[in-house]
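> A structural model of the following input is requested.
(one chain, ligands or ions: 2)
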Amino acid sequence: MNKPDFSPKQRWALALLKNGGLKRINILQGSVRSGKTYISIIMWGFWVAHSPKDKAYLMAGKTLTTLKRNVLEPMSQLFGSCFSYSITKKEAQLFGRRVYLEGAANVGAEGKIRGMTLQGAYCDELSLFGEDLFAMLLSRLSEDGARLFATTNPDTPGHWLKRNYLDRELPELLSMKFTLDDNPYLPEEYVKSLKSEFSGVFYDRFILGMWVAAEGRVYDGFSDRCIISAEHLAERLSENRLITSVVGVDYGGNRSASVFCHVGYDAGFRNVYVLSEHYDKRNRSAESLISAFAGYIAHEKEMRPTLSAAYCDSAEQLLVKSFRSAVRLEVKNALKRPINTRINMLNRLIASGRFFVSAECPHLIEAIRSAVWDERDIHHDTRLDNGSTNIDSLDAFEYALERYEKQLFRF
Ligand SMILES: Nc1ncnc2c1ncn2[C@@H]1O[C@H](COP(=O)(O)OP(=O)(O)OP(=O)(O)O)[C@@H](O)[C@H]1O
Ligand SMILES: [Mg+2]
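Ligands and ions are numbered 1, 2, ... in the order given. Down below sits the predicted model:
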């Protein structure tokens, strides 16, 4: 293991570990990229190395995939041969101790953990766990001197972790807050561009590390600057050609509309352009929808040869099949990622001036302008979806956006 260097905030956290200042529950919270995971791994490794060999330890993330990416891979780098893991076996070895690995969202995780008696646990992105699972995990930490280490970003103030744990000043809970400016290891340029990617409530949460509620408009940075005339769009695209473009498809039942939305990306996935939309509230028949889809795709393909795929609402597999045979284009099911992931993506694009929607897409423009948070739900960030706003256009657009998170954002 190389000898690491630490920020002042990290040294303060390490001092607590060394002088016995830790508690049963130790939560490192705060802004993105603030150095929480890095120092929590060091603390966890050091603590496990000095804990009994014959006891059980657990590490959990929202899924095993995120646990691997956020924590296990950095641990391999930091601890070298003192740490090894196998995702298929769901087990790791850390300084000679056996560590079980779990994904909190995995089916069966709860049953598995229920049967354990634990000496120590590490939770990555704790706010993404269910409250019941966390409560059960705590009840399994029954050994003498048992400890839990967790990292999390802030969420809404009504979130269970904030209301039922952090706000309660429990004698057995230690909370350590980190902000972006506590991390001196990031290049200045990177910090500047990261700060420019967030606005409003998301800036307060992800940059300042505050637990604040999402209120009012969902896309409060959206303005006329994002709307672009057909001529201006053509001009921009002649300078910066699209490298790919895809269509998102959402179709409605009784009260909703059928929407196709064509979205393009330029080199390096720098900018996102909404090129055109089809919006139909009539919902006459499946046949008319299929023929409208075939017509739209043919037209768009002719206009933009970059068109490479369509991603459809997966609720109606029969329709997806019919779409598939009606066009010569790859037609796939949409990923349907969590709505707040999609919202975050669009807000980051808007805040950094990378999102452009053609003035010829009035339905999507109106949908983005009028989307609001549901203020009755104080426990979660919930986009209002009660039929009063146009969610169909947002869904179709998001199906064409959601799969490019990795390409669009550096972290
Ligand atoms: N002491 C350190 N020495 C070297 N690099 C560090 C140190 N602390 C943090 N870093 C680096 O800073 C970056 C952000 O740190 P880290 O991943 O711990 O942040 P985080 O608070 O967990 O962020 P997120 O909320 O986004 O998960 C990482 O690339 C990490 O390697
Ligand atoms: Mg982290």
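> contacting residues around the least confident helix or strand in the chain by mean pLDDT?
Sorting the helices and strands of the chain by mean pLDDT, DSSP states H and E puts helix 109-114 at the bottom, at a mean of 88. Helix 109-114 is contacted by residues 58, 60, 100, 102-103, 132-133, 136-137, 140 when judged by C-beta atoms under 8 Å, 6 or more residues apart in numbering. C-betas here are computed from N, CA, C, even on glycine.
> what about 6 Å?
102, 133, 137 (C-beta atoms under 6 Å, 6 or more residues apart in numbering).
> Including distance to residue 357, could those residues go into JSON lines?
JSON lines is the format used below for the contacts of helix 109-114 (distance: C-beta to C-beta, whole Å):
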{"residue": "102", "distance to residue 357": "41"}
{"residue": "133", "distance to residue 357": "40"}
{"residue": "137", "distance to residue 357": "44"}
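> Mind putting those residues into CSV with secondary structure?
As requested, the contacts of helix 109-114 are arranged in CSV below (DSSP: H, G, I helix; E, B strand; the rest coil):
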residue, secondary structure
102, strand
133, helix
137, helix
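> mind putting those in JSON lines, neighbour count, pLDDT and distance to ligand 1 included?
What follows is the contacts of helix 109-114, written out as JSON lines (neighbours: other C-beta atoms under 10 Å; pLDDT from 0 to 100; distance: C-beta to the nearest ligand atom, whole Å):
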{"residue": "102", "neighbour count": "24", "pLDDT": "96", "distance to ligand 1": "19"}
{"residue": "133", "neighbour count": "18", "pLDDT": "94", "distance to ligand 1": "20"}
{"residue": "137", "neighbour count": "25", "pLDDT": "96", "distance to ligand 1": "20"}
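> Pull the contacting residues for the residue of the stretch 201-350 of the chain found nearest ligand 1.
Taking C-beta to the nearest ligand atom, ligand 1 has its nearest neighbour within the stretch 201-350 of the chain at residue 206, 7.9 Å off. By C-beta under 6 Å, 6+ apart, the contact set of residue 206 is 31-32, 198.
> from those residues, which is closest to residue 325?
Set against residue 325, the nearest of these by C-beta to C-beta is residue 198 (43.3 Å).
> how many neighbours does the residue in the stretch 151-300 of the chain positioned nearest to ligand 1 have?
Per C-beta to the nearest ligand atom, the residue of the stretch 151-300 of the chain with the smallest distance to ligand 1 is residue 185, at 3.7 Å. For residue 185, the neighbour count with other C-beta atoms under 10 Å is 11.
> list the contacts for it?
For residue 185, the contact set (C-beta under 6 Å, 6+ apart) is empty.
> if I pick residue 62, what's in contact with it?
Per C-beta under 6 Å, 6+ apart, neighbours of residue 62: 104-105, 125, 128.
> what residues go with each domain of the protein?
8-186, 224-408 (automatic domain parsing).
> pLDDT below threshold where in the stretch 251-400 of the chain?
Applying pLDDT under 70 to the stretch 251-400 of the chain flags the ranges 253-255.
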